[in-house]
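Q: need coordinates for the below:
(chains A, B, C and D, ligands or ions: 8)
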4 protein chains.
Amino acid sequence: MRILFLGDVVGRPGRQVVLQHLPRLRREWALDFVVVNGENAAGGFGITEAIYDEFLEAGADAVTLGNHAFDQREALVFIERAPRLVRPANYPPGTPGRGAALVEAQNGARVLVVNMMGRAFMDPMDDPFAAIDRELDAGPLGLVSDAVIIDFHAETTSEKQAFGHWCDGRASLVVGTHTHVPTADHRILAGGTAYMTDVGMCGAYDGVIGMDKEEPLRRFTRKIGSSRFEPASGPGTLSGLAVETNGAGRAVRVAPVRIGGALDEAVPAFW
Amino acid sequence: MRILFLGDVVGRPGRQVVLQHLPRLRREWALDFVVVNGENAAGGFGITEAIYDEFLEAGADAVTLGNHAFDQREALVFIERAPRLVRPANYPPGTPGRGAALVEAQNGARVLVVNMMGRAFMDPMDDPFAAIDRELDAGPLGLVSDAVIIDFHAETTSEKQAFGHWCDGRASLVVGTHTHVPTADHRILAGGTAYMTDVGMCGAYDGVIGMDKEEPLRRFTRKIGSSRFEPASGPGTLSGLAVETNGAGRAVRVAPVRIGGALDEAVPAFW
Amino acid sequence: MRILFLGDVVGRPGRQVVLQHLPRLRREWALDFVVVNGENAAGGFGITEAIYDEFLEAGADAVTLGNHAFDQREALVFIERAPRLVRPANYPPGTPGRGAALVEAQNGARVLVVNMMGRAFMDPMDDPFAAIDRELDAGPLGLVSDAVIIDFHAETTSEKQAFGHWCDGRASLVVGTHTHVPTADHRILAGGTAYMTDVGMCGAYDGVIGMDKEEPLRRFTRKIGSSRFEPASGPGTLSGLAVETNGAGRAVRVAPVRIGGALDEAVPAFW
Amino acid sequence: MRILFLGDVVGRPGRQVVLQHLPRLRREWALDFVVVNGENAAGGFGITEAIYDEFLEAGADAVTLGNHAFDQREALVFIERAPRLVRPANYPPGTPGRGAALVEAQNGARVLVVNMMGRAFMDPMDDPFAAIDRELDAGPLGLVSDAVIIDFHAETTSEKQAFGHWCDGRASLVVGTHTHVPTADHRILAGGTAYMTDVGMCGAYDGVIGMDKEEPLRRFTRKIGSSRFEPASGPGTLSGLAVETNGAGRAVRVAPVRIGGALDEAVPAFW
Ligand SMILES: [Fe+2]
Ligand SMILES: [Fe+2]
Ligand SMILES: [Fe+2]
Ligand SMILES: [Fe+2]
Ligand SMILES: [Fe+2]
Ligand SMILES: [Fe+2]
Ligand SMILES: [Fe+2]
Ligand SMILES: [Fe+2]
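A: Numbering: from 1, shown residues only, chains lettered A, B, ... in the order given. Ligands and ions are numbered 1, 2, ... in the order given. Next up, the predicted model:
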């Protein structure tokens, strides 16, 4: 299978670059499955139903979230009728929505999409290592699912790398999100799981993690905020990871994707 | 000038890959100035005088540090006789050593090397934004110095990006260190400063930020440690940033460097 | 001198209990100097000029603040014309207002009031230990000032106790604020400085640190907020510390003050 | 029932003051049940079997722990044969020992003792709010147990107060531990649960949370440690909470206990 994962879409510049390129990439690369992290799609904070629908129409098969999942309070409601919208699985029991979804790809393959949050320097959710074991036991790769895609939304490189090793051999890919900067350590781990510490954001990189830089700089230097955070203007960059899996759902090829905006372009050579 | 910055050298695998490649790169790429972050060089924790000397002999012009600067207590002493060893400038006044050094390159150029620590999710040092202003006022690019190299040792992508923008136009390059994972967002900012959120580590990537993965995984999953952290074994990867500056000390070309070990290779196409 | 320090006034229940008792206590106890921490006086978040004036009229000689100092943005302006309003001294240079004030008591004594913020588990301000040295050098007890009152606004007991020892012998009293719970460890340290880890809040104790308990409980248990924090209703408790100093500005007697509301009453036996 | 809870015993000064007073108090106050938090009993870090036995002989019915539970690695082993030693219940499944124990008092009453850790500014354990529900469902007050004693080992006053309200009506008492400073907010909540944000430590208060002050001060001011933490010398203070319950296991009287050392003495007037 040909899988594309796109990192946190931040505000309008992020949505625009996704809508501009994803339909074409889906076609040209003959993508089988696309996941987009949408936790910052609505002005940098959360997601609306209209944006979720827009992502599906543009070619996403599933949308994942993170610590900003419910910043737009309508998400607490519409997530129940949005079967391809996946919020972190380690929210407390009773949280609206789902932390994992078994989604049918257009080619009929069953893809398990799991979203999970880290706890280092983040709000303490339920144990992500125990929670992913439960999810992987419920939808094991090769038995219930043809591919397993895990979005680990976390702050530190150490927790992300530990989580990648923990899942190695049980997932097709584990990608980190949340830091909004792509890392250059994409690779296939020993057990056949594609891994990248952070896939970066889809958004305007000439700012501070996708937001206009004035307010963050003010807070860092003066310790007093003066306004809300707003997404940075300027052209967005599409940022993500391309993974090709074999019949057993293991990754056989992996390459970063970066198109447009401020970063060096990267596209998979193998498609 | 041709400048190479190498990220946190972690333990023996890190030292080996530096010693193996740096002398050759220095020669083949006709490097004018090389900086190595050595905060994890001694078994993952701090640096010894012997290792510092080894780095200089291998082709480093300066060595920077970070939160692990003084893990080896001998560093509190030998740093005073090690003029090219630079610890974070925002330690309290009276800390042994120096936070910035004006180092003469082999070609006679004067290069200001500054090390600074971030504060987000780290021990609260003095304000890095105020401190860098003082350092840059004391050794301004183009007047006192021909190049300014800033190692911003910090945890979060937001503080690092804010710091890069803050220094833009006043430094030849601002590179992040500390997370031990290279980012793919190397670029030249609007004011002519090369920037990369993290240059990654020189060390074994098949672990958890350069350390053997067993103990970190145990602590994440069981919340009880059982032994010390040890550097991961396996081949090391050299990871850093190549920057070419013009006569005014501004960056004109920038490219990541990754050689050996587990990551995709990257070398500057322009040298 | 007879000094009364009252802890963080939280919302209307806090203001009411201060206005109800302070004028009487000032008279009955023949107080020479009263300081009130007002960082949460306006609905739990910051302070307005009207409230500041109200505190002075009720018998306060000075008002201190904390991390919520500028939650009401008007404070950035009126603090400049409010000479007895003191915000943390370790905000960056250029912050409106002052971090220390030499205030003349009604009996003519000169009282140095300093406000400082801790950094453990708080936003990293400038080093409070270095900053208090500067303030105490500028207004030394017995020379420039007849009494020195330090409000150390901090989270952890360890940083507060360390700070108390650091100031011991150089201040009449060091009181902690911010946690909104009075501690029972009031005492006079070896050098003659009265100390109490936290003086507690003036507010309604049947909540969560003075706020209505529903929203905090929701956030702790569900990890998703659903509304703003609002001050708890119910009767407020006045909470603070009574200190008597000698001619040299050293503490000779110390006792907690708790009047009204949910806590055990405490008043100094010596007045 | 007459219940005494003693806070974190820190090193030798803490053990000495417990051994000196507890046997006498047990007798004189006709105590029915005594719990001691022993997480810092062994030189400030963890507990040994010898110390555990010593506490039982001195009159403790149960010993609770906290984040330092397993600092002495022998505790991982002997806790299995120490039925009255209770470690935080929200460690991951599979952790040695137990998080709750139904202990028979000398008078035959069944007392449920639960230890739990908070997560705010602490290592992220399992959700303490969900975990306490499970424990209280398994040993409900008045049915399975005649009294329920909860030691909530946590950093912030907000999480502790929220936890107290959460348990109100389902426990005889909820006391906070970990900050090593007694609070003055002991009271009986609306549902009949005695509550105190922190019971303080049994140890030498002329230090920094029970440890000699030199090393903590050095780390706060110089940001470089130079030695291990050692318990403060000097006389210890016994610190805890006295609670009397009725036949339904609800608290009817509550008073702080502070004997010896640096703090104001407090003993229950009602015994
Ligand atoms: Fe995000
Ligand atoms: Fe996020
Ligand atoms: Fe490092
Ligand atoms: Fe570091
Ligand atoms: Fe406050
Ligand atoms: Fe505060
Ligand atoms: Fe403790
Ligand atoms: Fe503790």
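
Q: going forward, measure contacts between C-alpha atoms and count neighbours the same way
A: Will do.

Q: right, and A:I209 touches B:E159 too?
A: No: applying C-alpha atoms under 8 Å as the test, A:I209 and B:E159 come out as separate, 9.4 Å apart.

Q: what about the two, which has more around it?
A: A:I209 (27 against 21; other C-alpha atoms under 10 Å in any protein chain shown).

Q: from C:E39, how far off is the more buried one?
A: Distance, A:I209 to C:E39, using C-alpha to C-alpha, to the nearest Å: 31 Å.

Q: please enumerate the helices of the stretch 151-271 of chain A.
A: Secondary structure of the stretch 151-271 of chain A (DSSP state H, counting those that start in this stretch): helices located at A:157-167, A:214-222.

Q: will you turn those into JSON lines that also has distance to ligand 4 and mean pLDDT?
A: Rendered in JSON lines, the data for those read as follows (distance: least, C-alpha to the ion, whole Å; pLDDT from 0 to 100):
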{"stretch": "helix A:157-167", "distance to ligand 4": "12", "mean pLDDT": "98"}
{"stretch": "helix A:214-222", "distance to ligand 4": "20", "mean pLDDT": "97"}
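
Q: okay, these, which one's buried deepest?
A: Ranked by average neighbour count under the criterion mean count of other C-alpha atoms under 10 Å in any protein chain shown, these are headed by helix A:157-167 at a mean of 23.

Q: does it come close to chain B?
A: Yes: using C-alpha under 8 Å from any C-alpha of the partner chain, helix A:157-167 reaches chain B at A:T157, A:S158, A:E159, A:Q161, A:A162, A:W166.

Q: from those residues, which two are the most distant?
A: Across those, the two members that end up farthest from each other (C-alpha to C-alpha) are A:T157 and A:W166, 14.0 Å apart.

Q: any chance of the helices of the stretch 151-271 of chain A in a markdown table, plus distance to ligand 3?
A: Shown next, in a markdown table, are the helices of the stretch 151-271 of chain A (distance: least, C-alpha to the ion, whole Å):
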| stretch | distance to ligand 3 |
| --- | --- |
| helix A:157-167 | 11 |
| helix A:214-222 | 23 |
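
Q: in the stretch 1-150 of chain A, what residue is nearest ligand 6?
A: Residue nearest to ligand 6 within the stretch 1-150 of chain A: A:D123 (19.7 Å; C-alpha to the ion).

Q: hey, where'd the strands end up in the stretch 151-271 of chain A?
A: A:173-177, A:187-188, A:194-196, A:238-245, A:251-259 (DSSP state E, counting those that start in this stretch).

Q: which secondary structure elements does the longest one contact?
A: If I follow you right, that is strand A:251-259. strand A:187-188, strand A:238-245 (3 or more C-alpha pairs under 8 Å, 6 or more residues apart in numbering or on different chains; DSSP states H and E).

Q: and the average pLDDT for the shortest one is what?
A: For strand A:187-188, the per-residue pLDDT values average out at 98.

Q: wait, does that strand contact chain B?
A: Yes: interface with chain B: strand A:187-188 contributes A:R187 (C-alpha under 8 Å from any C-alpha).

Q: what about that strand, distance to the chain center?
A: Centroid separation for strand A:187-188 versus its chain: 17 Å, with C-alpha atoms, centre = their mean, to the nearest Å.

Q: what's the answer for the last one, then?
A: A distance of 11 Å separates the C-alpha centroid of strand A:238-245 from that of its chain, computed with C-alpha atoms, centre = their mean.

Q: export stretch A:187-204 to PDB, keeping only CA atoms.
A: The C-alpha trace of stretch A:187-204 is given here as PDB (Å, rounded to 0.1, in the frame of the first residue of the first chain):
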ATOM      1  CA  ARG A 187      13.600   5.300   8.700                       C
ATOM      2  CA  ILE A 188      12.400   1.700   9.000                       C
ATOM      3  CA  LEU A 189      13.000   0.200  12.400                       C
ATOM      4  CA  ALA A 190      14.300  -3.400  12.900                       C
ATOM      5  CA  GLY A 191      10.800  -4.900  13.100                       C
ATOM      6  CA  GLY A 192       9.500  -3.300   9.900                       C
ATOM      7  CA  THR A 193       7.800  -0.200  11.300                       C
ATOM      8  CA  ALA A 194       8.400   3.100   9.500                       C
ATOM      9  CA  TYR A 195       9.300   5.800  12.000                       C
ATOM     10  CA  MET A 196       9.800   9.600  12.000                       C
ATOM     11  CA  THR A 197      10.100  11.600  15.200                       C
ATOM     12  CA  ASP A 198       7.900  14.400  13.900                       C
ATOM     13  CA  VAL A 199       6.400  14.800  10.500                       C
ATOM     14  CA  GLY A 200       6.300  18.500  10.800                       C
ATOM     15  CA  MET A 201       3.300  20.800  10.200                       C
ATOM     16  CA  CYS A 202       1.400  21.800   7.100                       C
ATOM     17  CA  GLY A 203       1.600  25.600   7.500                       C
ATOM     18  CA  ALA A 204       3.600  28.700   7.200                       C
END
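
Q: how close does the residue in chain A positioned nearest to ligand 1 get to ligand 2?
A: At 4.2 Å from ligand 1, A:H178 is the closest residue in chain A, using C-alpha to the ion. To ligand 2, A:H178 is 4 Å away according to C-alpha to the ion, to the nearest Å.

Q: surely that residue meets A:D198?
A: Yes: with contacts defined as C-alpha under 8 Å, A:H178 counts as touching A:D198 at a distance of 7.4 Å.

Q: between those two, tell me which one has more neighbours.
A: Just comparing A:H178 and A:D198: by other C-alpha under 10 Å the higher neighbour count belongs to A:D198, 35 against 28.

Q: list the contacts of the more buried one.
A: A:V175, A:G176, A:T177, A:H178, A:T179, A:H180, A:V181, A:P182, A:T183 (C-alpha atoms under 8 Å, 6 or more residues apart in numbering or on different chains).

Q: A:G225 now?
A: A:G225 neighbours (C-alpha under 8 Å, 6+ apart): A:E215, A:R218, A:R219.

Q: equivalent analysis for A:P128, please.
A: Taking C-alpha under 8 Å, 6+ apart, one finds A:N90, A:M116, A:M117, A:G118, A:R119 in contact with A:P128.

Q: for the second one, phi and psi?
A: A:M116 adopts backbone torsions of phi -150, psi 150, taken as degrees, to the nearest 10.

Q: burial measure for it, as a count.
A: 31.

Q: please name the bridge partners of it.
A: Beta bridges link A:M116 to A:F152 when assigned by DSSP bridges.

Q: what's the neighbour count on the residue in the stretch 1-150 of chain A positioned nearest to ligand 8?
A: As assessed by C-alpha to the ion, ligand 8 sits closest to A:P124 within the stretch 1-150 of chain A, at 17.8 Å. A count of nearby residues for A:P124, using other C-alpha under 10 Å, gives 24.

Q: same check on A:R84?
A: By other C-alpha under 10 Å, neighbour count at A:R84 equals 24.
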